[in-house]
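Just to be clear, the model below is a prediction. Sequence and coordinates:
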Amino acid sequence: MGYRYATERADHSALASGQVLRSAPGFPGFPVRLASELLQRALAHVYEAPVRLWDPCCGSGYLATVLGLLHRDALSHVRVSDVDADAVDLARRNLALLTASGLAEREAELRRSARDFGRVEFVERAEVAAGIAAGLAASGGDLPHESAVADVFSLREPVDSDLVVTDVPYGELTRWSGGVPEEDPVGGLLASLGRVLPGHAVVVVTARTRRVDLPEGVRALERVKVGNRSAALVRARDVKPG
């Protein structure tokens, strides 16, 4: 049975990058409401929930962590990977916020910063972390997760994920690296994912562009355009190399 898509206008400011979730120069965030919408749209195409989520171009892990916190009830596992070891290290620290202990540690860290620097905003962020922890507990508790340094273009072993959501590099703050096919990075990404994912998996690719171009002959399950971002949803079996 598919997951019912629902639009919500909740205030997601607590999940803004740099508040409780960690950020760093060169690792942009992602619009939280759009992230939630894309996940819900994708879940409507998945055979059943909860699902195993993977972001293979994770950067700071912000997108995957936000989705884990917003949709704990729909997810059974979160996996992230990136070719950049520094990115994966930051992502690992953000993914820790998908657990009660990780959120408690982050709250304590923010309270120490408030005490050491005398800045009230750190107290406010600590209280936000406590609120996120309460919400996580109410929606299912700790979410299992893993992270790895990996070049998405070189993957060969099967990956047990039902859903991929990834924001690809777009040349302003982020750039492709690894074994990138220069003529068509998105096509190469999709072919690699199609090679390692189960056929039923749904892949959501988003970027700051007018349109996410798909390989010839690949039909999108859905397309989404919001502001300066576009996304395409495809079935893994449809991008599997012949």
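That came in fine, so what should we check first? Residues are numbered from 1 along each chain as shown.

and the residue positioned nearest the centre of the chain, how far is that from Val149?
The residue lying closest to the centre of the chain (Cα atoms, centre = their mean) is Ala64, at 2.7 Å. For Ala64, the distance to Val149 equals 15 Å [Cβ to Cβ, to the nearest Å]. Heads up, the C-betas are built off the backbone N, CA and C, glycines and all.

now swap in Glu37 and tell me
For Glu37 relative to Val149 (Cβ to Cβ), the value is 30 Å.

Look up the residues forming beta bridges with the residue nearest to His145 when sequence neighbours are not counted.
Using Cβ to Cβ, 6 or more residues apart in numbering and skipping residues adjacent in sequence, the residue nearest His145 is Val78, 4.2 Å away. Applying DSSP bridges to Val78 gives these bridge partners: Leu53, His145.

got it, and the one 4 residues further on?
Beta-bridge partners for Asp82, by DSSP bridges, are Val149.

Confirm for me that it is in contact with Gly59.
Yes: between Asp82 and Gly59 there is a contact under Cβ atoms under 8 Å: 6.3 Å.

Report the set of residues contacting both of those two.
Each of Ala91 lies in contact with both Asp82 and Gly59 under the rule Cβ atoms under 8 Å, 6 or more residues apart in numbering.

ok, back up a step: wait, a helix at the residue nearest to the centre of the chain?
Yes: counting by DSSP: H, G, I helix; E, B strand; the rest coil, Ala64 is part of a helix.

Can you tell me the closest non-neighbouring residue to it?
Asp55 (4.4 Å).

so who does the nearest residue to Asp160 once chain neighbours are set aside touch?
Leaving aside its sequence neighbours, Asp160 sits nearest to Arg52 (Cβ to Cβ, 6+ apart; 6.2 Å). Applying Cβ under 8 Å, 6+ apart to Arg52 gives the contacts 75-79, 160-163.

Can you name the two of those residues that sit furthest apart?
Farthest-apart pair in those is Leu75 and Asp160; separation 13.6 Å (Cβ to Cβ).

of these two, who's got more company?
The neighbour comparison of Leu75 against Asp160 (other Cβ atoms under 10 Å) goes to Leu75, with 27 against 12.
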